[in-house]
Structures are given as C-alpha cells and as structure tokens.
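[1] fold the following.
(one chain, ligands or ions: 1)
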Amino acid sequence: MSNQRRPLIAGNWKMNGLASAASELKELVAHAEKHAAPKCDILICPPATLLREMAAVAGNSAVEIGGQVCHANESGAHTGDISAEMLKDAGASYCIVGHSERRADHNETNAVVKAKAEAAHRGGLIAIVCVGETLAEREADKTLDVISDQVKNSLPEGATAANTVIAYEPVWAIGTGKTPTPDDVAVVHAHIRKELDALMNDSDQVRVLYGGSVKGSNAEELMAVENVDGALVGGASLKAADFWPIVATSI
Ligand code: PEP
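    Now for the predicted structure:
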C-alpha cells in the first residue's frame, strides 16, 4: 500500500438491518473511539431507511455513513428512488455506485453508473465506483479487458482522488467465501491504477479497494497487497465483532 493513500475500510450492509442494528454501529463507534488518530477512514453504508439514524449514532466519531446507490437526478418523478442530495441531507458522505448486484439486478450499465457517480459528486458525496469480472469472464481470460471497460466508461469527467474511490470486486468472490489469490488481486489493482493514470491527473492518490469475501482471517493478507488501499466488505460488516478485526488491520 502506498504511504500517501489513506486506507478506507467500508461496510455495505445491503438490504439488511432494522432499527435494532444501531447497537452494532454503537459497538463499532466505541472501538473507533479508542483510537485518537485512526490511520484509516471507516465507513458503514446501511440501508437508506436507517441512514439518518445511523448518522446520528456515528455523530462526530471516525465512522462515516454512506448510501448504497443514488438516482442520477436531483429530484423528480422517480418513485422509490433516492437522490445523492437526499443521501447527503440524511448524513451520508459517500455513495456506492455500480455494485455488481445493482449492475445485475437493475441492469445498471457503465453509462448508468457513470451518471450516478456524477450525481454523487454533484450532491457532495464521494462515489465508490465498483468494478469486477464474473466467473465466466475470468475463465475466458477477459478479466483485465472487462475491468478496463468498466473503469473507462463508469468514471465521469470530474472524477478526482478527492471525490472518487474505486472498488475492485470480482463478482464470483462476493458472498461466496472465495477470494482471488493475493497475486491475482495485485495484477488487477496494478491494471486499474494504469487505467486511472490515463484518465486522471491525480490518479496516484485515488484509493482502490478490494472487495469480495473479506473477513477477519484474510484481511491482513489482502490489505498488504500492493495498490490495495482498503476494503469494501459485505457480510462481515454486519456485526461489529466481525468488522472491527478488518478495520484493525489498517487502523
Ligand atoms: C460486497 O457485496 O460488496 C461484498 C464484498 O460482499 P461480501 O464481503 O459479503 O463478499
């Protein structure tokens, strides 16, 4: 990991959590508060129903709150959708865009993801833009081509290291307990950095996270891979007792 880039350990709760989940965030905040000067950023992206409440629980602690997706528009007739401005108003500072579950379940193309990343920036949020290959693409030796296509076409023009984070999440590693080898992760992260170099002036400052079955037992090894600047964590972010050991690798 480059010394200049501050790691981000982010949790994505997906469609999990009722009001009672505030106790998990309280526990996480209590862990974080034991560190006067944390060396990493810590983020939880709860379902939108909990955002305002979780932002209140996080308060001024080192734990930040984010959305899981946003609409491209600021407001309007889009039943069920939420804008970046609304997420910001509820207390978010980040928004995930282009998660593979959104790409697959809601047909979000690179163009849609790009519009949402742009909306996140417009709304004052840091966009976490997810990219990753399917198992079929990996087996067909297309991983780097897929990643190139996603990075080039999902990032809006105004993307900078300050407003954008990339998350490399191989689709086949999400929620499966399978992870690429550290060498495989290194190859993809180096490739992403090369693509970013061609797109952005401050590419060397952009954080590139790894996501896909990160847990306490493998986090240290994965976070030590060159060009890995943190993690995007699904299942293991739901309980503070599982998430904190991942944060602890970077704090
Ligand atoms: C995710 O969906 O972003 C993710 C990484 O999930 P998990 O950690 O459960 O594999």
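
[2] and the nearest residue in space to residue 54 that is not next to it in sequence, what does it touch?
    Counting by C-beta to C-beta, 6 or more residues apart in numbering, the nearest residue to residue 54 once its immediate chain neighbours are dropped is residue 46, at 4.8 Å. The way it works is simple: take the backbone N, C-alpha and C, and place the C-beta from them, glycine included. For residue 46, the set of contacting residues under the criterion of C-beta atoms under 8 Å, 6 or more residues apart in numbering consists of 13, 17, 21, 25, 54, 65.

[3] among these, which lie within strands?
    residue 65 (DSSP state E).

[4] just the contacts of residue 46 now: which is nearest the ligand?
    Comparing the contacts of residue 46 against the ligand with C-beta to the nearest ligand atom picks out residue 13 as the nearest, at 10.0 Å.

[5] quick check: phi and psi at that closest one.
    Backbone geometry at residue 13, expressed as degrees, to the nearest 10, gives phi -80, psi -10.

[6] looking at it, it is touching residue 48, isn't it?
    No: in this structure residue 13 lies outside contact range of residue 48 using C-beta atoms under 8 Å: 10.5 Å.

[7] which neighbours do these two share?
    With contacts taken as C-beta under 8 Å, 6+ apart, the residues that reach both residue 13 and residue 48 are residue 68.

[8] just the pLDDT for the closest residue to the ligand within the stretch 151-251 of the chain.
    Using C-beta to the nearest ligand atom, residue 234 is the residue of the stretch 151-251 of the chain that sits closest to the ligand, at 2.2 Å. In this model, residue 234 is scored at 98, pLDDT.
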